[in-house]
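**Q** pasting a predicted model and its sequence here:
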Amino acid sequence: MTPVILFGGRPAQRDLWRAHLLDAAAAQGLTMDLRMAPEDVAPGDVDAIIYNPEGPVQDFTPYAKLRGALNMWAGVEQVVGNKTLKAPLTRMVEPGLTLGMTDWVVAHVMRRHVGIDRHLTMAPGDWPQDHPPLARDRRITVLGLGALGEASARALSGLGFQVTGWSRRKKDIPGVRCLAGPAGLRDALAAGDFLVLLLPLTEATENLLNARTLRDLPEGAEIFNPGRGALIDDDALMAALAGGHVAHATLDVFRQEPLPREHPFWDAPGVTVTPHIASVTRADTAAGALVAQIVRIRDGLPLLHVVDRARGY
Ligand code: NAP
C-alpha cells in the first residue's frame, strides 16, 4: 500500500519539509502520497498526520482511518489531552533535536562551572584568582532521563562531572548514578550542585520544583531549565534566589512565552533567560525519523515513541 500522509506543520514550513521528507523517503525506499495541506486531501484517506501543535489540524475527527499522529515536537502537553485524537500519538525523537539540547546543556553548564561571566565582566585592574573546581569535583543531577536527558547526562559524565540522573522507571546508564521514582527524588536533588531539568510537563511534574523541594538542593545550587517552564514554581524560585539558597538559574522555558517584559526573571540578578532556543526539531535530521515511522505504518508495525496518554508523556 502507499500510505497517504498529511503534513500538518505551519504553512511556512511546507517547502522545506516537503523536500526533506521526499529525500528521506527515497533513501528508505518508501513510496508515500505526501499532501502538504488539509485542503489537498480527503480526510478519510489519510493514514498519518505529521502534527504540529501550531499547525492547521487540531480536530482529528474527520480523519477516520488515521493510524498515527506524529508530533513534530518532543513535548506533547498541547496535544495529549485532545479527545478527538483516537490514533496513537508519537513524540519526536531525532538526532538533531538531541544534539542541539546536549550542546545547550553543556554550554550553559560549562559557562557556570568555569565562571566565565566573572572574567568577561572583569573591571580593568581586577585580577581574581579564584579557580573553578574540576568537573570531577562538581555534582550534577539531571531530572528526566529520556531521549534528551540521557544524552545530556552522558555528555556531562563524559566531561568528568559526577552525574546523578532521575526518572520514573530506574535506568542503567554507564557513568551516571541512576535514581528513580518519588523515593529517589530527595537524594537526586541533594546531589544537585547543578540541577538540569529535562522532564516533560505532566500532572505529576508540574511545580516539581517548589518551596519544599528547592530546600532539598544543596546550599548555593544552580538550576538549568530547558524542559518546561511550569516544572518550576516561579515565586518559590524567586524566593530561593533572593535568600541565596539557589545561586543562579538559567531558564530557557517559561509558563508564558515569550516571557512577558514585566516578569521578574528578566531583571533578577541570579537569572539568565534564553528565548526557548535550547533545541528544535530540524527538518534535515527529523525527516528520516518521521519516514521510519511511516514505513512502520506501511508494514503494520507498532509505532516508536508512542505517548502514554494517561501519563501525559
Ligand atoms: P522523554 O524521552 O519522554 O523523557 C522524559 C523523561 O522524564 C523520562 O526519563 C521519564 O521517565 C521522565 N519522567 C516523566 N515523568 C516523570 C515523573 N513523574 N517522575 C520521574 N521521571 C519522570 O522526553 P524527551 O524527549 O527527553 O524531552 C523532555 C522534555 O524536553 C520535553 O517533554 C520538552 O518539554 C522538553 N524540550 C525542550 C526543548 C527546548 O528547546 N527547550 C526542546 C525539546 C524538548 P521514564 O524514562 O521512566 O519514562
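**A** Arrived safely, thanks for sending. Numbers count the residues shown, from 1 in each chain.
**Q** which residues does the closest residue in space to T274 that isn't next to it in sequence contact?
**A** The spatially closest residue to T274, leaving aside those adjacent along the chain, is D252, at 4.6 Å (CB to CB, 6 or more residues apart in numbering). C-beta here means a position set from N, CA and C on the backbone, and glycine is covered the same way. Neighbouring residues of D252 by CB atoms under 8 Å, 6 or more residues apart in numbering: W104, N225, P226, T274, P275, H276, I277, A278.
**Q** next: A87.
**A** Counting by CB under 8 Å, 6+ apart, A87 has contacts F60, Y63, L66, R67, G68, A69.
**Q** near the ligand, which residues of the stretch 101-250 of the chain?
**A** 101, 144-149, 167-169, 198-202, 204-205, 226-228 (CB under 6 Å from any ligand atom).
**Q** can you classify A278 by secondary structure?
**A** coil (DSSP: H, G, I helix; E, B strand; the rest coil).
**Q** list the contacts of it.
**A** Neighbouring residues of A278 by CB under 8 Å, 6+ apart: G100, M101, W104, V105, P226, D252, V253.
**Q** thinking again about what came up before, ok, the residue nearest to T274 to the ligand distance?
**A** According to CB to the nearest ligand atom, to the nearest Å, D252 stands 5 Å off from the ligand.
**Q** nearest to the ligand among the contacts of A87?
**A** Proximity of the contacts of A87 to the ligand, judged by CB to the nearest ligand atom, is greatest for A69, which lies at 15.9 Å.
**Q** for that closest one, phi and psi?
**A** With angles defined as degrees, to the nearest 10, A69 sits at phi -110, psi 110.
**Q** so what's the residue count around it?
**A** Close neighbours of A69, defined as other CB atoms under 10 Å, add up to 25.
**Q** how about it: which residues does it bridge to?
**A** Beta-bridge partners for A69, by DSSP bridges, are I49, L89.
**Q** and it, what does it touch?
**A** Contacts for A69 (CB under 8 Å, 6+ apart) come out as A48, I49, Y51, F60, V79, L85, A87, P88, L89, T90.
**Q** quick one on the thing from earlier: from the residues of the stretch 101-250 of the chain next to the ligand, which ones fall inside helices?
**A** Counting by DSSP state H, those place M101, A147, L148, G149 in helices.
**Q** so what touches stretch 41-50?
**A** Residues outside stretch 41-50 that contact it (CB under 8 Å, 6+ apart): 3-9, 17, 21, 35, 57, 60, 62-70, 72, 290, 293-294, 297.
**Q** of the residues you listed, which are in range of the ligand?
**A** Okay, of the contacts of stretch 41-50, nothing touches the ligand (CB under 6 Å from any ligand atom).
**Q** which one of the contacts of A278 has the most neighbours?
**A** Most neighbours among the contacts of A278, by other CB under 10 Å: V105, with 28 neighbours.
**Q** SS state for V106?
**A** Following three-state DSSP, the label given to V106 is helix.
**Q** can you get me a residue count around it?
**A** Per other CB under 10 Å, the neighbour tally for V106 reads 17.
**Q** that one and L159 touch, don't they?
**A** Yes - with contact defined as CB atoms under 8 Å, V106 reaches L159; the gap is 7.0 Å.
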